[in-house]
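*Asks:* Generate a structure from the sequence data that follows.
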Amino acid sequence: MPLKKEIMALKFAKAIKENKESLVTTEFGDYLFLVLMKEFYMGMDRIRNEARKNLSL
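*Replies:* So this is what the prediction gives:
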């Protein structure tokens, strides 16, 4: 199974739970993934702003 260590860590943190055929996020998991996505997009905004600065030189 790919990502076996990552899935185990998320289960240990109680961010996901496993059903018969799928993985489901818990309420904490929903929050965790929301925060991670927010940080990702904030980082992409920083990269885009730096690229714009370099283009205007």
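*Asks:* Tell me the spacing between the residue nearest the centre of the chain and G43.
*Replies:* The centroid of the chain falls nearest to L36 when counting by Cα atoms, centre = their mean (4.1 Å). Counting by Cβ to Cβ, to the nearest Å, the separation of L36 from G43 is 11 Å. The C-beta positions use only the backbone N, C-alpha and C, and glycine is treated the same way.
*Asks:* same thing with L34?
*Replies:* From L34 to G43 the distance is 15 Å (Cβ to Cβ).
*Asks:* list the buried ones in the strand or helix carrying D45?
*Replies:* Of the helices and strands defined by DSSP states H and E, D45 is found in helix 27-55. For helix 27-55, a neighbour-count test (16 or more other Cβ atoms under 10 Å) marks G29, L32 as buried.
*Asks:* pLDDT of it, averaged?
*Replies:* Per-region confidence: helix 27-55 scores 95 on mean pLDDT.
*Asks:* And for stretch 2-9?
*Replies:* 92.
*Asks:* so how far is it from its chain's centroid?
*Replies:* How far stretch 2-9 lies from its chain's middle: 14 Å, per Cα atoms, centre = their mean, to the nearest Å.
*Asks:* Likewise for stretch 42-57?
*Replies:* Worked out by Cα atoms, centre = their mean, stretch 42-57 lies 22 Å from the chain centre.
*Asks:* Check stretch 37-52 too.
*Replies:* Relative to its chain's centre, stretch 37-52 lies at 15 Å (Cα atoms, centre = their mean).
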